[in-house]
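S.K.: Please find the sequence and the predicted model below.
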Amino acid sequence: MIKTKLLIAAALASLMATTGAFAQGKGEVDEAQSRAAPTKKATKSEKAAAKAARKAEGTKQAKVDVPGGTGPESAGVAKVATKEERKTAAANRKANATDAVKKGQTTSGEK
C-alpha cells in the first residue's frame, strides 16, 4: 500500500514538474514591447507607405542577389527569336519527340 502511494506521488510530482516547465516563458524581457498590440490602427496611407518601402527594399535586394553573378549586369540579354524561328524550332522538337516515341526511347509515363 505504501509503495503504491509513493509511486502515485512520484508520478504526480513528475507531471507537475513538466507542466510547470512548459508554462515558463523564454526568460527574456521585451522592454521595447515590440510584441505588444498596437495602441492605434495604421491608416491606409501609412500602410501604403510601408508597403512601398518594403517593395523598394525587396527590389533592390533582388537586383543584388542575381544567381550566378554579382549584380544585374551579369544576367545577360534574352535572345529574341522571330515567329518563324520559334515555329521551326517547335516543329523540329515535335519531329524528334515523335521519332523517339516510335523507337521507344522515351521514358514519359514509365516509372
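M.R.: Received the coordinates, thanks.
S.K.: Distance of Lys94 relative to Val64?
M.R.: Between Lys94 and Val64 the distance is 41 Å, computed by Cβ to Cβ, to the nearest Å. Where C-beta positions appear, they are placed from N, C-alpha and C, glycine not excepted.
S.K.: Run through the protein and note the low-pLDDT ranges.
M.R.: 18-34, 38, 65-78, 107-111 (pLDDT under 70).
S.K.: Helices of that one, start to end?
M.R.: 2-23, 44-64, 83-103 (DSSP state H).
S.K.: Need those in JSON lines (columns: distance to Ala37).
M.R.: Listed next are those as JSON lines, based on distance: least, Cβ to Cβ, whole Å:
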{"stretch": "helix 2-23", "distance to Ala37": "22"}
{"stretch": "helix 44-64", "distance to Ala37": "16"}
{"stretch": "helix 83-103", "distance to Ala37": "56"}
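S.K.: Mind putting those into a markdown table with mean neighbour count?
M.R.: Converted to a markdown table, the helices of the chain look like this (neighbours: other Cβ atoms under 10 Å):
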| stretch | mean neighbour count |
| --- | --- |
| helix 2-23 | 9 |
| helix 44-64 | 10 |
| helix 83-103 | 10 |
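S.K.: Figure out which of the ones you listed is closest to Ala36.
M.R.: helix 44-64 (17.9 Å; Cβ to Cβ).
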